[in-house]
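In: give me the fold of what follows.
(one chain, ligands or ions: 1)
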Amino acid sequence: MITYFDGMPTAAHPMAILSSMVNSLAIYYPQYFVDEDSEDLYQLMAARLISKIRTIAAFSYKKSVGEPFVYPRHDLKYCANFLHMMVNSPVRPYVPDSEEERILNMLLVLHADHEQNCSTSTVRLVGSSRVNLYSSIGAGICALWGPLHGGANQEVIEMLENIHDSNMSVADVIADAKNPEKRFRLSGFGHRVYKNYDPRARILKKACADFMKNRHISDPLLEIALELENAALSDDYFIERNLYPNVDFYSGIIYRELGIPSNMYMVLFAMGRMPGWIAQWKEMHDTKPFKIGRPRQIYTGLTDAVYQPSSERS
Ligand SMILES: CC(C)(COP(=O)(O)OP(=O)(O)OC[C@H]1O[C@@H](n2cnc3c(N)ncnc32)[C@H](O)[C@@H]1OP(=O)(O)O)[C@@H](O)C(=O)NCCC(=O)NCCS
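Out: This is a model prediction of the structure:
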């Protein structure tokens with residue numbers, strides 16, 4: 001697997017590395033298709049995925065910055081082990097920090113899979129062909145990557161940095177978000193299902209403020225985020241459309257305080273989603289009768305089209 005990593009270009013996005021590496025697990029553990037009764041095999045694949053995503057995630061970061069890989073430590077728990085593999089370097093050893101470990105654990109729990117969102121449905125749809133668990137999860141990771149889904153927390157931080165660096169006023173940002181011609185949306189706001197305040201955002205907002213207070217640190221991006229939230233929540237456009245902060249609005253700021261770079265946020269999101277994706281896949285396979293997924297489409301095009309030879313078309 002290290003050889004596989006070595007062949008990749010440095011500076012590749014960690015999410016690209018993660019999706020391809022998780023897919024490649026089917027090469028190293030070649031169980032391509034799934035036998036209905038292979039409970040032991042399922043347990044093994046599930047344990048491997050939950051454990052290995054942590055190592056692959058940390059390695060993907062090391063690869064993206066051109067630093068040497070750090071091997072796991074058996075004396076550390078899940079989150080501390082991940083931080084160790086991501087942060088430790090030959091010149092600066094990782095010192096375990098129970099508060100950082102607790103916060104990362106909380107972030108993973110808050111990002112846990114729920115409902116039929118884009119990536120979860122992808123895992124189920126791909127898995128419904130009875131392809132192996134690794135390939136199904138690899139597809140889910142690809143779905144999570146987009147800016148309208150798991151990519152939103154990176155977008156939030158970039159948006160806040162941009163506002164900070166350009167000295168843009170909060171009023172201007174709100175005006176841009178409301179202007180359909182700008183094609184700009186307030187990242188970390190809105191949700192297909194939560195048409196009220198996302199409860200995860202409430203927890204993260206408080207955790208973020210508490211962490212900074214306890215460490216006696218401040219971050220101008222948190223100030224901007226709070227200002228943006230207040231402005232949006234009292235603006236008719238956002239009120240009428242039920243647009244509230246979602247899980248991504250404050251999570252990036254905490255990751256930033258933990259020293260995790262923005263291109264790793266989605267990777268951590270995928271780590272949090274992993275147990276739920278696996279459970280969704282399993283539930284689907286245990287449901288009888290098992291059927292391949294087949295979304296239906298409703299044709300809305302022309303019903304009476306007249307054929308025009310290509311030579312007569314303009
Ligand atoms: C999450 C999201 C994709 C949900 O989309 P949706 O349920 O399909 O809602 P729609 O795209 O139909 O938006 C409904 C209306 O609210 C507006 N809207 C939605 N999210 C908005 C945002 N973040 N900023 C500004 N306007 C927004 C839309 O422009 C639309 O306005 P209109 O009725 O005048 O056309 C959408 O809110 C969004 O793009 N948010 C930003 C990205 C993000 O934070 N994603 C993480 C989700 S956990």
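In: tell me the buried residues in the helix or strand hosting residue 40?
Out: For residue 40, the element it lies in under DSSP states H and E is helix 39-65. Within helix 39-65, the residues scored as buried using 16 or more other C-beta atoms under 10 Å are 42, 45-46, 49, 52-64. Glycine gets a C-beta too; all of them are placed from N, C-alpha and C.
In: can you give the domain ranges for this structure?
Out: With domains defined by automatic domain parsing, the chain comprises 2-145+262-286, 152-257.
In: put together TSV for those domains, with distance to residue 298 on each row.
Out: Shown next, in TSV, are these (distance: least, C-beta to C-beta, whole Å):
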stretch	distance to residue 298
domain 2-145+262-286	18
domain 152-257	20
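In: possible to save the ones you listed as a markdown table with mean pLDDT and distance to the ligand?
Out: A markdown table is the format used below for these (pLDDT from 0 to 100; distance: least, C-beta to the nearest ligand atom, whole Å):
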| stretch | mean pLDDT | distance to the ligand |
| --- | --- | --- |
| domain 2-145+262-286 | 90 | 8 |
| domain 152-257 | 94 | 2 |
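In: select, out of these, the one closest to residue 296.
Out: Set against residue 296 and scored by C-beta to C-beta, these come closest in domain 2-145+262-286, at 13.0 Å.
In: coming back round to it: of all the domains of the chain, which lies closest to residue 312?
Out: Closest to residue 312 of those, according to C-beta to C-beta: domain 152-257, at 36.8 Å.
In: what's the neighbour count on residue 12?
Out: 13 (other C-beta atoms under 10 Å).
In: list the contacts of it.
Out: Neighbouring residues of residue 12 by C-beta atoms under 8 Å, 6 or more residues apart in numbering: 63-64.
In: that one: what secondary structure?
Out: With DSSP: H, G, I helix; E, B strand; the rest coil as the basis, residue 12 sits in coil.
In: what do you get for residue 275?
Out: With three-state DSSP as the basis, the three-state label of residue 275 is helix.
In: surely residue 15 meets residue 267?
Out: Yes - contact status for residue 15 versus residue 267: in contact at 5.9 Å, counting by C-beta atoms under 8 Å.
In: give me the common contacts of these two.
Out: With C-beta under 8 Å, 6+ apart, residue 15 and residue 267 have common neighbours residue 60.
In: check whether the closest residue to the ligand within the stretch 1-150 of the chain sits in a helix, strand or coil.
Out: Among the residues of the stretch 1-150 of the chain, residue 148 lies closest to the ligand, at 4.5 Å counting by C-beta to the nearest ligand atom. Classification of residue 148 using three-state DSSP returns coil.
In: and it, how far is that from residue 179?
Out: For residue 148, the distance to residue 179 (C-beta to C-beta, to the nearest Å) stands at 19 Å.
In: next: residue 297.
Out: Counting by C-beta to C-beta, the gap from residue 297 to residue 179 is 33 Å.
In: hmm, back to that, tell me, how many residues neighbour the residue nearest to the residue of the stretch 1-150 of the chain closest to the ligand when sequence neighbours are not counted?
Out: Excluding its sequence neighbours, the residue lying closest to residue 148 (C-beta to C-beta, 6 or more residues apart in numbering) is residue 118, at 7.8 Å. The tally of other residues near residue 118 (other C-beta under 10 Å) stands at 14.
In: and stretch 233-240, how far from the chain's centre?
Out: 27 Å (C-alpha atoms, centre = their mean, to the nearest Å).
In: cool, and stretch 298-307?
Out: Averaging C-alpha positions (C-alpha atoms, centre = their mean) puts stretch 298-307 39 Å from its chain's average.
In: what is the rounded mean pLDDT of it?
Out: The pLDDT scores in stretch 298-307 average 91.
In: give me the contacts around that stretch.
Out: Outside stretch 298-307, no residue touches it (C-beta under 8 Å, 6+ apart).
In: show me what contacts the nearest residue in space to residue 97 that is not next to it in sequence?
Out: Excluding the flanking residues, the one nearest residue 97 by C-beta to C-beta, 6+ apart is residue 83, at 7.9 Å. Going by C-beta under 8 Å, 6+ apart, residue 83 touches 94, 96-97, 100-101, 104, 258.
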